[in-house]
Every structure is written in structure tokens, then in C-alpha cells.
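[1] Starting from these lines, generate the structure:
(2 chains)
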There are 2 protein chains.
Amino acid sequence: MKWVEASDSLCPVAQTSAIVGDRWTLLILREAFLGAVSFDTFQARIGLSPHLLSVRLKRLVAEGILKRREGVRGSYHFTASGRALLPVILSLAKWGNDWRGGKVHHTEHVHTACGHIFEPVLACSECREPIGLDVQTTLSNKLTRERTRREAHNSRRKSS
Amino acid sequence: MKWVEASDSLCPVAQTSAIVGDRWTLLILREAFLGAVSFDTFQARIGLSPHLLSVRLKRLVAEGILKRREGVRGSYHFTASGRALLPVILSLAKWGNDWRGGKVHHTEHVHTACGHIFEPVLACSECREPIGLDVQTTLSNKLTRERTRREAHNSRRKSS
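    Below you'll find the model as predicted:
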């Protein structure tokens, strides 16, 4: 499978990963949530080469995640769909704090609505309880067919 | 900044992104959550070349996210830290469904504890309310110093 096919998948994980499944892109989004807007600020904070940073910012603009405002080098601001990536970044932060951070958490989040330092918890929209591994995923018929075709194709390719 | 430095960062987003910030790795994790365990199943479902798949599985084992059980080609199973990545994958799926999926959601999740089809909602551990953008992030002094040093280094490099 070439990557271009993966973003064509009906699978929402594949669609999102095709855009943000890149360590540098995730750091760009992190900095945007921390308030970076100018090209130079992203560049200084992340240390990615101007070319590689530019490619990624352009992609995020093309995908409608950031919008560019004109200026000397332009500034980059979240759209609504970009802001909706906050749970992805907070989930990455939580895993890092829980499994890589040792005793000290180097990021702390305050929920301004209630005023408390909090941990992001993935909860069920229906019963509001935290979700552990008690999740069953079902795929649409169309996605199931796509997966069956892909699997058959890859298996054939391997044995030929 | 070379990538090896980013995973050395104290930032939990950088630490997690250094491991899972790769589109193929995210698809491997997706398949593991959907029940894949054998090398051949991962290979057929994702279509990544055996070599590239092998590199990624080894990395996930080295990072303690999957553990390998012996067998013809081995099988791969989540550790506790691997299972703790479910919020990352569900957040990617939700964004894809919300912003790329059109009217039809191709994945649906049932919360087995309450029996309902649900949306994953990022909630506050303290007040239990969903979190919007009402989050203020503070960084530890150590992480702030690391970021200041990095930014000064990158700015110097740029102007020299």
C-alpha cells in the first residue's frame, strides 16, 4: 500500500494519521496550542529546518487545520478543525507523563471552567464514566469491505 | 535539532510523539486494538513491507508497548502501557469522523460498561465536565529552562 492510499481509506484513524501522524507535525500543533503563531517562533521552538517546517505548515493550511494570515512571513492560526485536535495532543501528553515522565509531570493543565489542575480523562458521552478498555468497535459495511479487499490484495501480493 | 534530541526532551508530547508520531505505527496500534496479533495479520491488513513493519514492531517492543511471544513469526500483544494508548487512537478516530468522515461514521464504539454507542469525550478528572479549549497549560521550571535553551540555540544557529 502506498501512503496515498491510506489517506483515501474510509478509516478515520488512517485519515487523521495521514495528516498528523508525523512527529514534527505533532510538535507544531503542540506549539500552536502553547500560543506560537509566527513562522520564526515555530522555527526557534522546534528547531526544524525552515524548509521542513514550511512544508508541514503548508500541509496544515491545505488541510484546513491552520489558516495563514498575511505578513512578513505570515502567521498561523487554528481553525475550528485545528482546535478540535486538542484531545489528540492532550492524550499524547498524558501518556508521556504517565509512562515516560517519572514522578515529576512537566506539563500541568488547569481546567479554567472549574479552576482545578486536572488529568484529561477519556469519558463516555452517554454515561460520562471514564473509558477503560471496555470498548467494542464496529466498522461500517463499507469500511469492512474495503479492509477485506485490502487484506486480499496484500496477501496475494505477498504470495506471488 | 536532531530527532534523537526531541525524544530526550522533558516534554511529554515530544516523548510520546518520538515513539508513536509515525503514521504506520499508529495503524499498527489501531490493528492491535482491533485484535491483530500475528506478524502476517498486521502485514496483510496494513500492507506495509515486511521490513518496515518489522522495524516498527521491534521499536514498539523495545519501548515496552508491545510484548512479543515466541512462535513461527511471533505474536505481539499489548502491555499495560500499550493499552494506555487507546485514548490516543480513539481521539484520532473521533477527529477523523468529525472532520473528514462526512455524514457516515465508519467506526462506532460501544461502551460495554453502559451498553451505549458513544463518542469519546475528553473530560476533566476533577469536575467531570467535557473539556473544550478552556485549558491553561503550565510547564515545570525544568521544562521551561530546556525550552529557553533550545530556543536560544536555534535562534543563534539561524543568525550565524
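
[2] Could you see whether chain B lies near whatever helix or strand A:R156 lives in?
    If you go by DSSP states H and E, A:R156 is part of helix A:141-159. Yes. Helix A:141-159 lies in contact with chain B when judged by C-beta under 8 Å from any C-beta of the partner chain; the contacting residues are A:142-143, A:147, A:150-151, A:153-155, A:158. The way it works is simple: take the backbone N, C-alpha and C, and place the C-beta from them, glycine included.

[3] What residues sit buried inside stretch A:44-63?
    Neighbour-count burial for stretch A:44-63, with 16 or more other C-beta atoms under 10 Å in any protein chain shown as criterion, is recorded at A:44-48, A:53, A:56-57, A:59-61, A:63.

[4] Same question for stretch A:83-103.
    Neighbour-count burial for stretch A:83-103, counted by 16+ other C-beta under 10 Å, picks out A:84-97, A:99-101.

[5] so what pLDDT did the nearest residue to A:A113 once chain neighbours are set aside get?
    If the residues on either side of it in the chain are set aside, A:A113 comes closest to B:D134, at 4.8 Å by C-beta to C-beta, 6 or more residues apart in numbering or on different chains. Note on B:D134: pLDDT of 89.

[6] Can you report how many residues neighbour B:D134?
    Other residues lying near B:D134 total 13 when counted by other C-beta atoms under 10 Å in any protein chain shown.

[7] do the same with A:D22
    A:D22 sits with 17 neighbouring residues when counted by other C-beta under 10 Å.

[8] Quick check: chain neighbours aside, which residue is closest to it?
    Nearest residue to A:D22 in three dimensions, chain neighbours excluded: B:G21, at 6.1 Å (C-beta to C-beta, 6+ apart).

[9] is it true that that neighbour touches A:L29?
    No. Taking contacts as C-beta atoms under 8 Å, B:G21 lies outside contact range of A:L29: 10.5 Å.

[10] Shouldn't A:L10 be within a helix?
    No. With DSSP: H, G, I helix; E, B strand; the rest coil as the criterion, A:L10 is located in coil rather than a helix.

[11] so what's A:A84 up against?
    When contacts are counted by C-beta atoms under 8 Å, 6 or more residues apart in numbering or on different chains, A:A84 touches B:95, B:98-99.
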